[in-house]
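> With the input below, show me the fold.
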Amino acid sequence: MTNAQIRLAAHPTGLPQPSDWDYSEQPAPEPGPGEFLVQVEHLSLDPAMRGWISGVRTYVEPVKLGEVMRAGGIGRIVDSRHPDFAVGDTVSGPFGVQRYALGREDTVTRIDTSLAPAPTHLAALGIAGMTAYFGLFDVGRLEPGQTVVISGAAGAVGNVAGQIARINGCRVIGIAGGPEKCAHLVDDLGFDAAIDYKAGDIRAQLRTHAPGGVDIYLDNVGGTILDDVLTCLAPGARVVISGAISQYNATQKTPGPANYLQLLFKRASMTGFVIFDYAHRYPEAQAKLAEWVSTGQLISTEHIVEGDIKDFPETLLTLFSGGNTGKLILALP
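This next block holds a predicted model:
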């Protein structure tokens, strides 16, 4: 078996370029005692990847030059030397951008594809869904009747977060790019309103849709949109920093929010969080998310690209052009 891999060749400046990656092929590894070989079938593509390849330590160590690109994935076991993991079992884990990866009991999670298809376990039932769950409940202290605004609302985290807020009795306003994405949020996912940031004057639109102010803002974008929302906070608001995709490829230093004093005026808070800090509580979130998916209350939106390992670099750029709706996944043949 031939193992196709994408390795990091250079730390990008701005948007990642083809020259920042190396594609290679080599024999698939053989499992040792207690290990098993996974044929990766679905790869998770996430905005956080841009930070991982910057060469700077953030909340995790950066991917080193020459290493296989870090990525979560789902695949089937094709060879096993572990008594409790059989050939044909479906598992998820940090397999990296490669066709075959070794797994161990402590590095993988079994996937129940009778509950939902494998891609859903990377989307609503995966890290994206759990980020939305803990971001709203633990950091945002979500309560029924509140007004929740979400940027990057058509993305992997944002679309789930909006639905969670709706399920729990909140008014939900999504910010997304373009009329098609905004229509999807309202018509398909049940958001109360959607703001097209490309149409301009976000503050005016926010004041129309949230006249009483914003109680919780889940920010996936940063930049000027964060600044606009800060001017529309309700007293005691919680700003939850989940990501800042507008800044990941910046080549110049990005200024901080100009309107941060609104946090003082409104007695509000702004808090960042990292999903990995909640690893010990993943089962709690997954159980609740699975319940909502099974009852049809929560729709998992996946943007699946059919391709091969060598298509990873180009597919990744979809995240930064706004070309995806929902969770971006590379499906391997």
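> is it true that residue 167 touches residue 297?
Yes - using Cβ atoms under 8 Å, residue 167 makes contact with residue 297 at a distance of 5.3 Å. Using the backbone N, CA and C atoms, a C-beta is placed for each residue, glycine as well.
> Could you tell me which residues touch both of the two?
Contact criterion Cβ atoms under 8 Å, 6 or more residues apart in numbering; residues shared by residue 167 and residue 297: none found.
> quick one: residue 72 from residue 127, how far?
7 Å (Cβ to Cβ, to the nearest Å).
> can you pull out the helices in the stretch 151-300 of the chain?
156-167, 179-183, 202-209, 223-230, 262-265, 282-294 (DSSP state H, counting those that start in this stretch).
> Quick one: residues contacting the residue minimising distance to the centre of the chain.
Central residue of the chain (Cα atoms, centre = their mean): residue 128, 4.2 Å from the mean position. Residues in contact with residue 128 (Cβ under 8 Å, 6+ apart) are 46, 122, 156-157, 160, 327.
> Now flag whichever of those residues is closest to residue 237.
Proximity of the contacts of residue 128 to residue 237 (Cβ to Cβ) peaks at residue 157, which lies at 19.3 Å.
> and the residue nearest to the centre of the chain, what are its phi and psi?
Main-chain torsions, residue 128, degrees, to the nearest 10: phi -60, psi -50.
> Retrieve the pLDDT associated with it.
Residue 128 is assigned a predicted lDDT (pLDDT) of 97.
> Chain neighbours aside, what residue packs nearest to it?
Leaving aside its chain neighbours, residue 128 sits nearest to residue 156 (3.8 Å; criterion: Cβ to Cβ, 6 or more residues apart in numbering).
> burial of that neighbour, as a residue count?
Other residues near residue 156 number 34, with proximity taken as other Cβ atoms under 10 Å.
> how about it, what does it touch?
Residue 156 neighbours (Cβ under 8 Å, 6+ apart): 46, 123, 128, 326-328.
> is it true that residue 24 lies in a strand?
Yes - assessed with DSSP: H, G, I helix; E, B strand; the rest coil, residue 24 lies in a strand.
> Which helix or which strand is home to the closest residue in space to it that isn't next to it in sequence?
For residue 24, ignoring the flanking residues on the chain, the nearest one in space by Cβ to Cβ, 6+ apart is residue 5 at 5.3 Å. Taking DSSP states H and E as the criterion, the element that holds residue 5 is strand 2-8.
> and for that strand, what are the contacting residues?
20-29, 53, 63-69, 96-100, 308-310, 312-313.
> in it, what counts as buried?
3-8 (16 or more other Cβ atoms under 10 Å).
> Rebuild those as a markdown table, extending it with distance to residue 112 and pLDDT.
A markdown table is the format used below for the buried residues of strand 2-8 (distance: Cβ to Cβ, whole Å; pLDDT from 0 to 100):
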| residue | distance to residue 112 | pLDDT |
| --- | --- | --- |
| 3 | 27 | 98 |
| 4 | 28 | 98 |
| 5 | 29 | 98 |
| 6 | 29 | 98 |
| 7 | 32 | 98 |
| 8 | 33 | 98 |
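> Could you check how far the residue nearest to residue 24 is from residue 25?
Taking Cβ to Cβ, one finds residue 5 at 7 Å from residue 25.
> go on, residue 16?
Distance from residue 16 to residue 25, by Cβ to Cβ: 21 Å.
> Between these two, tell me which one has more neighbours.
residue 16 (21 against 11).
> Check the gap between the more buried one and residue 223 for me.
Distance check for residue 16 against residue 223: by Cβ to Cβ, it reads 20 Å.
> rewinding a little: chain center to the strand holding residue 5: distance?
23 Å (Cα atoms, centre = their mean, to the nearest Å).
> which residues are in contact with stretch 9-25?
With Cβ under 8 Å, 6+ apart as the test, stretch 9-25 has contacts from 2-8, 50, 53-55, 65-66, 69, 249-251, 309-310, 312-314, 316-317, 320.
> Buried ones in that stretch, by neighbour count?
12, 16, 20-21, 23.
> For the stretch 151-300 of the chain, give me the ranges with low pLDDT.
Within the stretch 151-300 of the chain, no range satisfies pLDDT under 70.
> try it again with 90
Along the stretch 151-300 of the chain, the parts satisfying pLDDT under 90 run over 200, 246-256.
> Residue 122 - how many residues pack around it?
If you count neighbours by other Cβ under 10 Å, residue 122 ends up with 29.
> quick one, phi psi at it?
Per degrees, to the nearest 10, the backbone of residue 122 is at phi -100, psi -10.
> So what's the predicted local confidence for the nearest residue in space to it that is not next to it in sequence?
Nearest residue to residue 122 in three dimensions, chain neighbours excluded: residue 44, at 4.7 Å (Cβ to Cβ, 6+ apart). According to the prediction, residue 44 has pLDDT 98.
> same question, the one 5 residues further on
According to the predicted model, the pLDDT of residue 49 comes to 97.
> i'd like the first residue to be 32 from this point on
Renumbered: residue one is now 32, and that last one reads residue 80.
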